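Colleague: only the shape, not the letters, is given here:
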């Protein structure tokens with residue numbers, strides 16, 4: 001399987017889950033986006049590293065980085081390698097004395113480590129097909145639109161099947177404006193199911 005390189009595009013508060021955040025990863029050589037819901041602590045850990053802030057005492061991810069460096073272990077890359085029941089799985093690919101080994105990790109922690117080590121983040125096409133959103137230009141050409149990939153399954157939310165297609169399209173515009181990518185994906189799935197995308 002070919003790996004797809006990702007960059008951190010955005011880190012924002014999750015509209016659907018009040019105490020959570022969303023990190024949005026984007027294809028380096030493409031237009032797809034991969035939104036991942038993460039906890040507040042992990043969002044803070046990512047933000048601190050991205051903004052190059054220096055806390056008085058090391059945060060947990062800084063401690064882990066310092067430990068790896070002390071034992072001469074380098075983080076080569078982070079790979080988001082699976083998606084099961086809506087949960088992303090990741091691994092840290094490390095090198096010590098020329099030997100490569102992998103460490104299982106939560107995706108949010110893996111991203112926090114990638115930012116600290118300035119190493120690449122990768123995933124696979126089957127994950128982008130299942131959970132990615134397509135970035136397209138709007139009709140006016142000035143505002144990007146996120147569109148759920150077709151054939152990624154149907155919405156499990158029962159509330160959308162009762163709404164008209166025009167209501168769904170209006171709601172989709174609203175939730176995209178609010179950066180609620182999770183809900184946008186569910187609405188897009190319902191529209192795709194009806195052939196209204």
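Modeller: Ah, there it is. Since this is a predicted model, take the numbers as computed values, not measurements.

Colleague: gap between residue 106 and residue 26?
Modeller: 21 Å (CB to CB, to the nearest Å). Placement of C-beta: from N, CA and C, glycine included.

Colleague: and these two? which has more neighbours close in?
Modeller: Per other CB atoms under 10 Å, whichever of residue 106 and residue 26 has more neighbours is residue 26, with 19 against 15.

Colleague: can you classify the nearest residue to that one once chain neighbours are set aside by secondary structure?
Modeller: Spatial nearest neighbour of residue 26, excluding adjacent residues (CB to CB, 6 or more residues apart in numbering): residue 9 at 4.0 Å. Secondary structure assignment for residue 9 (DSSP: H, G, I helix; E, B strand; the rest coil): strand.

Colleague: isn't residue 9 up against residue 31?
Modeller: No - with contact defined as CB atoms under 8 Å, residue 9 does not count as touching residue 31 (11.0 Å).

Colleague: let me see the confidence value for the residue nearest to residue 55 when sequence neighbours are not counted.
Modeller: Among residues not flanking residue 55 along the chain, residue 48 sits closest, at 6.6 Å (CB to CB, 6+ apart). Listed pLDDT for residue 48 reads 91.

Colleague: would you say residue 48 is within a helix?
Modeller: Yes - Residue 48: assigned to a helix according to three-state DSSP.

Colleague: what's the spacing between it and residue 85?
Modeller: Going from residue 48 to residue 85 by CB to CB gives 30 Å.

Colleague: between those two, who's got more neighbours?
Modeller: residue 48 (18 against 4).

Colleague: any chance you could map the helices in the chain?
Modeller: Secondary structure of the chain (DSSP state H): helices at 40-50, 60-70, 107-117, 125-131, 165-177, 181-194.

Colleague: in the fourth one, what counts as buried?
Modeller: Which is helix 125-131. 127, 128, 131 (16 or more other CB atoms under 10 Å).

Colleague: which of these sits closest to residue 21?
Modeller: residue 131 (16.6 Å; CB to CB).
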